[in-house]
Every structure is written in structure tokens, then in C-alpha cells.
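# Pasting the sequence and the predicted model now:
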Amino acid sequence: MIIYEGKAVFEGVAIGKLSVYKKAEQFVKREKIEDADVEISRYEEARNTAVMQLQVLYDKAVKEVGESGAEIFEAHQMMVEDGDFIDSVENIIRTQMVNAEYAVAETGDNFRKMFLEMDDEYFRGRAADVKDISERVINVLMGVGGGGIESSEPVIVVADDLAPSETVQMDKDKILSFVTVHGSANSHTSILAKTMSIPAIIGCDIPLTDEMDGREAIVDGFEGKVYVDPDEETLAEKQKIVEKEQEKKELLEQLRGKENITQDGQKINLYANIGNTKDLGLVLKNDAGGIGLFRSEFIYLGSETYPTEDEQFAIYKQVAETMAGKKVIIRTLDIGADKQADYFELPKEENPALGLRAIRICLTRPEVFKTQLKAILRASAFGKISIMFPMIISVDEVKRIKEIVEGVKAELDSLSVPYDKEIELGIMIETPAAVMIAEELAKEVDFFSVGTNDLTQYTLAIDRQNQSLDEFYDPHHPAILRMLKMIVDAAHKGGAWAGICGELGSDLSLTKEFLAMGYDELSVSPGRILPLRKAVIETNVSEYKKEKGLE
């Protein structure tokens, strides 16, 4: 038995034969041409064909993994049609009088290097996307088909890396898991794997040789290990895990429609975090009680200019109507730090995580803020909407926000525009400053929602985007847990309810702790709702408090 280690990106255990993925080979030659216009026409036709292929992939992915998981193919279509990319290809063809295949390959390499050299992890992840679309266009130009899995039975796919288009083109019934030598936890491929619920490991040192092809193996997505030619003892142990995981899935299905109430009668709301309207299907499918975090900044990030009031209103209205009276908490614009939109023309900062971001942008650009508030308030007439403001550090900020909100309400009143006059206003607690003055803040708002990702980052003085600091980044740090208790106590004392919308909310090892602390709500990714409900239903908070000496 040989054991290879990597980084798990989705939990689960898969047992089966390895299949070393064979990519379609590309041998691009640099050839002189006589007519640049003819070659550019070839490129245009190939580009149009690539866009059509991507549309087919999008439609297939929507059926298999939903619209949220299929978004990558929309993004790839836009990248294929990106003006800068097209200009570069055509310029190389004209100035160097070379074939389209070479021009596309050269442009793809240049763009890929550009992304890899960027500091931002998100943009580094886009390098794989550039490679994917370049190879697609070149394949069309050369009349070459894509690679695939040559197997009649389900297999564990092993590859150097996998592009999203490759994973979605594979027959899902034939995939048990995939393991890659390279890849990023933030890549679209990893996200797609999570959506497809396929155990996956990246950064694994497994050799991609013909000798590996067809060998028995186990992928353990809990440990981040691959066992090749496992012994009988290991095989039996992992088989039990597979059986238990299947039993868990079947039991979770029985929890749909159940109340989120502990054995001793304590209730908690379980809501979902979403980034756009395409995630609404997952919210309903997983039986969330509402939306605890609608990340409105994605409306801005997906636009080339400031979205209008009507454009935003249409989106918020759709969410409110779809949720049919269930609570929808919309977080106002949280641009800045690792989320940048060029048209905002934000100044380059030495440390953007500590710079002009979130509510600071809204308060320094009141017209942008008012436009969003008008859209949200108008949409509140169509459902149960609440508004949440990020990155708060002072009571004065909250008072300024409330003045602006009242001004917008007065403007809507003057126009006889209907809205929820009792709309809830809340703030995110994600800075140590907000924790220390939480009781005063609670008197100004209706609710708190703790952003544990940023709260951990700012409390521990560790950039959460810096992977080299992973061993120091500890969201279970005693200081964080003490702060969480301080926050909920202060909220209740000041007359507000409190929830958690950061990643920590879905950490099942802390569910009992959050219930004991007295949190009113946890908001997590849609797929975590049912496992969290199970943990709540199985908890007796009174007994847990006695065990921990909390009473």
C-alpha cells in the first residue's frame, strides 16, 4: 500500500480504480501566413464555435449542478469574447503574419503569466481559466476533440489539473472522485467539485504514470490522503465510512421541514448565505428558513459600471418574492480589500483590508449608498427584507447611516413609493472595536450578525488571504470564542438579536457552543443547513452547559 497526501477540498470517501486523465495533446506550430484577414476570419469562426460549445456546457451544468455551479461557463464565454484578448490575438496575427493557433497560444501564455504574477489569490486562480479557453479555441482551430475518461465503470480521476469544462464534460456517473497534482482551493474547479459533491484532493504528489492507471485506490477527503493498492484492513475501515456517509445523507433528507429546536426546547434560526439570485434554488432545496446574508457587492462586481436603482430593485424584488415572506437580510455594498471593481477607481493602498472598504465607501460616496438604499427599501414592499451594514467601528457611524436611511425614506414618502416602514436595520460585528462597544451599538440597531472571517483576521492580526500563514490562523482561538460570547450578551442586553454569518457558523464542532452562548441565528452556505439542523436537534443545551460548568 502506498499513501499520497494532498489538500482536501471536499469531504467524503471514494473507493475504486484510478484513471489517469489524458488531455488532448496540442502541438502548436508557428507558421507564416500570406493573408492576415483570412487568418483573422478563421480565428473569429473558431471563437464563435468555442462560445457555442461553452453554452452547451453551461446548459449541461445547469441540469447537473444548478445555475450557481454553471456560472463558470458564462464567465468563460465572456473571457473568450474579451476585447483585450481578441485585440492581442489579432495584433499578433497582423504584425507577425503568423497562424491563428500560434497567436492564440501566445496570447494565452501572456495573459496567464500576467494573472500568475498578481498578488491577489483570486486573480491567480484565473490563470487556469485563461489556459482553458485558449486550449478550447486552439482545439477548434486544429479540429481536435477534448480528452476524456476511457472506462466503462466509475473511477477515481487523477490529473495534473482539471479545467472546469473538463470536469463538467465528464460523465458524472463514471466519477467517484478526482485528485490533482496542482490546482487551487479557490479555483472554479474546486468550487464546482463541492457543488457536485465529489470528494476531491488537490496538491497531491501522486505520479501520473501509465502504471497508476487501473490500480485500486481510496480517496479520503476527510484526511486529504490517497491510498493506492490499499490493504484489507484499510479497505474495510474506509468502506465503513462510505456506508456511514450514505446513511447520514439519507437521514438528513428526513430533516426537511423540521423545526430547528433543541431537545430542551431552545430554538434557533438557520439561514443561508448567497451571492446572487442563481443561488435561490439551493436555498429552497436545502430548506433554509431565510437568507441571512445576501452579498449585494456581487451585483457591483458583475457590472462594468454602477448598477442603477432599477437594476438593483429588480434583483432584490426577485429575492424577496422568491423567499415568500421568509426573512432576507441584504448586506449593503462591501467593495474593497479583495473585492475590487475598476469603475470605483479606488486608490491603491498598502493594506486594503485596513483601508477604504465597505461602509467607509458608502459614507464617503453617499449618492452610491442612497441609490442602493432606495432599491432595497422599494423591494421591501414585496417581502420581509432587512438591511445590514458591514465594517462598523463606532456608534457615530451607525447614527450617520440611520440619518441617511431616514432621508431616503422621506424621499420615497414624498413620491408615495411603498416600502416597509418598520424595516429592520442591523450591523455586522467584524472588528474588535465593534465588539468592545457592542452594548452601545445594540441600542441603535435591531440585530447583529458576526462576520467571523474578518473578526478573526483583525483580532489575530493575520491576513486571511495569505496561505503561508494558515498554520497561525486559528478561528477557534480562545480570544475569538470569548468575543463571540461578549457580542451575543451585549446584543441581548441592548435589545437586539444576534446571529453569525461567517464560516465559523457552519463549524459543527462549535454548534453546541453557539447554542449555549445564546445565538438566535446561524447563516451558512445552503448545503450546510441540514447537517446543522441535525446538530441542533440532537443537542440538549442545558445538559451541555452543566457539563461545561456554564450554569
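That came through, no problem.

# Could I get the full set of strands for the stretch 401-550 of the chain?
Under the criterion DSSP state E, counting those that start in this stretch, strands of the stretch 401-550 of the chain are mapped to 424-429, 447-450, 497-500, 521-524.

# ok, now how distant is K258 from M486?
31 Å (CB to CB, to the nearest Å). For every residue, glycine as well, the C-beta is placed using N, CA and C.

# out of these two, which sits in the more crowded spot?
Under the neighbour definition other CB atoms under 10 Å, K258 and M486 were set side by side, and M486 has more, 16 against 13.

# so who does that one touch?
435, 438 (CB atoms under 8 Å, 6 or more residues apart in numbering).

# Now do it, the pLDDT please.
On the pLDDT scale, M486 is placed at 97.

# What ranges does the stretch 351-500 of the chain have for its helices?
Remark: helices assigned in the stretch 351-500 of the chain by DSSP state H, counting those that start in this stretch are 359-364, 366-379, 395-414, 432-436, 438-442, 452-460, 478-493.

# got the ones you listed as JSON lines, with distance to L515 columns?
Output for the helices of the stretch 351-500 of the chain, formatted as JSON lines (distance: least, CB to CB, whole Å):
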{"stretch": "helix 359-364", "distance to L515": "30"}
{"stretch": "helix 366-379", "distance to L515": "31"}
{"stretch": "helix 395-414", "distance to L515": "28"}
{"stretch": "helix 432-436", "distance to L515": "20"}
{"stretch": "helix 438-442", "distance to L515": "20"}
{"stretch": "helix 452-460", "distance to L515": "16"}
{"stretch": "helix 478-493", "distance to L515": "11"}
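
# do you know which of the ones you listed lies nearest I156?
Minimum separation from I156 across the helices of the stretch 351-500 of the chain (CB to CB) falls at helix 452-460, 32.3 Å.

# how far out from the middle of the chain is the closest one?
The chain centre lies 18 Å from the centre of helix 452-460; the measure is CA atoms, centre = their mean, to the nearest Å.

# Same question for stretch 484-496.
29 Å.

# Outside of stretch 387-398 itself, list whatever touches it.
With contact meaning CB under 8 Å, 6+ apart, stretch 387-398 is reached by 293, 329-332, 334, 357-360, 362-363, 373, 376, 401, 405, 423-431, 433-434, 437, 440-441, 444-445, 447, 449, 451, 454.

# switch to 7 Å and redo it
Residues outside stretch 387-398 that contact it (CB atoms under 7 Å, 6 or more residues apart in numbering): 329-332, 334, 357-360, 363, 376, 401, 423, 425-428, 430-431, 433-434, 437, 440-441, 444-445, 449.

# How about stretch 504-512?
With contacts defined as CB under 7 Å, 6+ apart, stretch 504-512 is touched by 452, 475, 522-525, 528, 531-532, 535-536, 539, 544.

# Can you give me the buried ones in that stretch?
Residues of stretch 504-512 classed as buried: 504-507, 510-512 (neighbour count, 16 or more other CB atoms under 10 Å).

# Now for the contacts of stretch 504-512, which sits with the most neighbours around it?
Neighbours here mean other CB under 10 Å. Within the contacts of stretch 504-512, the largest count is held by L522, at 30 neighbours.

# so what's it up against?
Going by CB under 7 Å, 6+ apart, L522 touches 268, 270, 499-500, 505, 514, 532.

# what about it, distance to V450?
From L522 over to V450 (counting by CB to CB), the distance is 10 Å.

# Give me the common contacts of those two.
Joint contacts of L522 and V450 (CB under 7 Å, 6+ apart) are I500.

# buried sites along stretch 119-138?
Result for stretch 119-138 [16+ other CB under 10 Å]: buried residues 124-138.

# typo on my end, it should be stretch 203-220
Neighbour-count burial for stretch 203-220, counted by 16+ other CB under 10 Å, picks out 203-204, 206, 208, 212-213, 217-220.

# ok, so of those residues, who is nearest E367?
G203 (45.7 Å).

# Which helix or strand contains L284?
For L284, the host element (DSSP states H and E) is helix 280-285.

# Heading C-terminal from that helix, find the next helix or strand.
Proceeding N to C from helix 280-285, the next assigned helix or strand is strand 291-295, under DSSP H and E.

# Pairing partners for that next one, with directions?
strand 269-274 (parallel), strand 327-331 (parallel) (DSSP bridges).

# Out of those strands, the one nearest E39 is which?
Counting by CB to CB, E39 lies closest to strand 269-274 out of those; the figure is 44.8 Å.

# Give me the residues contacting that closest one.
Under CB under 7 Å, 6+ apart, the answer for strand 269-274 is 260, 283, 286, 288-294, 327, 501, 520-526, 529, 532-533.

# and the contacts of stretch 504-512 as CSV, adding pLDDT and distance to R42?
CSV is the format used below for those (pLDDT from 0 to 100; distance: CB to CB, whole Å):
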residue, pLDDT, distance to R42
T452, 91, 52
P475, 84, 53
L522, 96, 55
S523, 95, 51
V524, 90, 49
S525, 84, 44
R528, 85, 48
P531, 89, 52
L532, 93, 54
A535, 94, 58
V536, 96, 60
T539, 96, 64
Y544, 93, 68
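
# Look through this structure and tell me its longest strand.
In the chain, assigned by DSSP state E, the strand with the most residues is strand 13-20.

# neighbouring strands for it, and are they parallel or not?
Partners of strand 13-20 in its sheet, by DSSP bridges: strand 155-159 (parallel), strand 216-220 (antiparallel).

# Of the ones you listed, give the one that comes closest to K493.
Comparison of the strands paired with strand 13-20 against K493 by CB to CB identifies strand 216-220 as nearest, at 45.7 Å.

# Give me the next element, helix or strand, following that closest one.
Next along the chain after strand 216-220, taking DSSP H and E as the criterion, comes strand 225-228.

# lowest-confidence stretch among the strands paired with strand 291-295?
For these, the bottom mean pLDDT is recorded on strand 269-274, which sits at a mean of 93.

# possible to save the contacts of L522 as CSV with distance to T277?
Shown next, in CSV, are those (distance: CB to CB, whole Å):
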residue, distance to T277
I268, 26
L270, 21
G499, 22
I500, 24
G505, 22
F514, 29
L532, 23
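
# Lowest-confidence member of these, which is it?
Least confident entry in the contacts of L522, by pLDDT: G505, with 90.

# about what we covered before: find the pair from the contacts of L522 with maximum spatial separation.
Between any two of the contacts of L522 (CB to CB), the greatest distance is 12.6 Å, for G499 and L532.

# Could you pull out the buried residues of stretch 249-261?
Of the residues in stretch 249-261, 255, 260 count as buried by neighbour count, 16+ other CB under 10 Å.

# from the chain's centre, how far out does the following helix or strand past the longest strand of the chain sit?
Remark: after strand 13-20, the chain's next helix or strand is helix 36-80, criterion DSSP H and E. Distance of helix 36-80 from its chain centroid, counting by CA atoms, centre = their mean, is 22 Å.

# Which secondary structure elements does the next helix-or-strand element following helix 36-80 sit against?
Counting by DSSP H and E, the next helix or strand C-terminal to helix 36-80 is helix 83-96. Counting by 3 or more CB pairs under 7 Å, 6 or more residues apart in numbering; DSSP states H and E, the packing neighbours recorded for helix 83-96 are helix 36-80, helix 100-116.
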